[in-house]
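Trainee: what follows is a protein structure lacking sequence information:
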């Protein structure tokens, strides 16, 4: 009994001492926060590698001579592809020049093929043109995604306007609702809201939307909204009519794509499927014909 009481007394004594000298929760949290803040002040965050690569592209692009006409076209194409930063054009010029030079050096050396000046010059031209082709492809894909999301956005816009919201508030609400499903169109609608808050007229903000996206259906919608605002007609009725027209156009595009499917299937059928069918159907007969005909020809010669 005495050892048991000694054990209990010792355990209680150790526990009481631990609770007495243990720092309070608030003091521990404050000390940990101070340690974290001191670490953040002392240690600078490391820059990702892609930022260093972008810096290289910017330094190269700053030294490239530029044509004002080409700069306007490329800047519009970059905006349509979703790149709105001020240094996007400089980075694109750096990518174009660096890619062309690297491709020229690879083709002019013996690492891939035998060195050839004409092939190297062709690679230089290809490396200069390929980034522009990729950029055009990205802009086209983004415009296609915006075109597909326009019908749902119009439905939400009609519901919002008929519920009593103004056109500006309705565009903001539609942009918020579509942020998860269609982020490209939601970003463009949010940008319209920012331009309106900055003091731009509504017609100019809508025209900027059409220029930034490059979608013909959205350009028609912008023209309709500007005319509706100018002549004072019902916005909800105009949006409902245009929504029905847009869905009719989408159905016609789908029917057109379905009608083109037969023509597009001709080339894989001729190049891939028909040769295998001919081998399977005519192959055994051809083998039988050869095995029977050749011995007969040899016997006739004898």
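Mentor: Ah, there it is. All figures in this text were calculated on a predicted structure; none of them were measured in a lab.

Trainee: low pLDDT regions in this protein?
Mentor: When residues are selected by pLDDT under 70, those of the chain lie in 1-70, 111, 301-302.

Trainee: what's the longest helix in this structure?
Mentor: Using DSSP state H, we find that the single longest helix of the chain is helix 117-162.

Trainee: for it, packing partners?
Mentor: helix 68-81, helix 88-108, helix 167-177, helix 183-197, helix 202-213, helix 216-231, helix 235-264 (3 or more CB pairs under 8 Å, 6 or more residues apart in numbering; DSSP states H and E). For the C-beta atoms, the positions are set from N, CA and C on the backbone; glycine is no exception.

Trainee: what's the first helix or strand after the longest one?
Mentor: Note on helix 235-264: by DSSP states H and E, the next helix or strand toward the C-terminus is helix 266-268.

Trainee: for residue 114, what are phi and psi?
Mentor: phi -70, psi 130 (degrees, to the nearest 10).

Trainee: one step back: just how off-centre is the longest helix of the chain within its chain?
Mentor: Computed by CA atoms, centre = their mean, to the nearest Å, the chain-centroid distance of helix 117-162 equals 8 Å.

Trainee: next, the angle helix 202-213 makes with that helix.
Mentor: 140 degrees (axes from the mean of the first three to the mean of the last three CA atoms, to 10 degrees).

Trainee: relative to helix 88-108, how tilted is helix 117-162?
Mentor: Using the same axes, to 10 degrees, helix 117-162 lies at 150 degrees relative to helix 88-108.

Trainee: coming back round to it: would TSV of the helices and strands packed on helix 117-162 with mean neighbour count and distance to residue 117 be doable?
Mentor: Below are these laid out as TSV (neighbours: other CB atoms under 10 Å; distance: least, CB to CB, whole Å):
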stretch	mean neighbour count	distance to residue 117
helix 68-81	15	27
helix 88-108	19	7
helix 167-177	19	54
helix 183-197	18	44
helix 202-213	18	43
helix 216-231	16	45
helix 235-264	13	40
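
Trainee: so residue 178 sits right up against residue 184, yeah?
Mentor: No - using CB atoms under 8 Å, residue 178 makes no contact with residue 184, being 9.4 Å away.

Trainee: between these two, which contacts overlap?
Mentor: residue 149 (CB atoms under 8 Å, 6 or more residues apart in numbering).

Trainee: residues in contact with stretch 211-221?
Mentor: By CB under 8 Å, 6+ apart, stretch 211-221 touches 76, 79-80, 139, 142-143, 146-147, 150, 154, 188, 191, 209-210, 242, 246, 249.

Trainee: make TSV from the helices and strands packed on helix 117-162 and add distance to residue 134 to it.
Mentor: As requested, the helices and strands packed on helix 117-162 are exported to TSV (distance: least, CB to CB, whole Å):
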stretch	distance to residue 134
helix 68-81	9
helix 88-108	9
helix 167-177	28
helix 183-197	18
helix 202-213	19
helix 216-231	23
helix 235-264	24
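
Trainee: out of the ones you listed, which is closest to residue 290?
Mentor: helix 235-264 (37.4 Å; CB to CB).

Trainee: which helices and strands does the closest one pack with?
Mentor: Against helix 235-264 (3+ CB pairs under 8 Å, 6+ apart) you get helix 117-162, helix 216-231.

Trainee: next one: that helix to chain centre, how far?
Mentor: On CA atoms, centre = their mean, the centre of helix 235-264 falls 24 Å from that of its chain.

Trainee: tell me the buried residues in stretch 149-165?
Mentor: 149-150, 152-155, 157-158, 160-161, 165 (16 or more other CB atoms under 10 Å).

Trainee: which positions in stretch 114-126 come out as buried?
Mentor: 120, 123-124.

Trainee: got a list of contacts for it?
Mentor: With CB under 8 Å, 6+ apart, stretch 114-126 has contacts from 100-101, 103-104, 106-109, 113.

Trainee: name the nearest of those residues relative to residue 260.
Mentor: Looking across those and measuring by CB to CB, the closest to residue 260 is residue 103, at 35.0 Å.

Trainee: name the nearest residue to that closest one, sequence neighbours excluded.
Mentor: Spatially, and ignoring its direct neighbours in sequence, residue 103 is nearest to residue 127 (3.7 Å; CB to CB, 6 or more residues apart in numbering).

Trainee: count the neighbours of that neighbour for me.
Mentor: 21 (other CB atoms under 10 Å).

Trainee: please report how far it lies from residue 173.
Mentor: Residue 127 is 46 Å from residue 173, where distance means CB to CB, to the nearest Å.

Trainee: then residue 226?
Mentor: Taking CB to CB, one finds residue 226 at 20 Å from residue 173.

Trainee: ok, now residue 206?
Mentor: Distance from residue 206 to residue 173, by CB to CB: 17 Å.

Trainee: and if you look at residue 200?
Mentor: Taken as CB to CB, the span from residue 200 to residue 173 is 20 Å.
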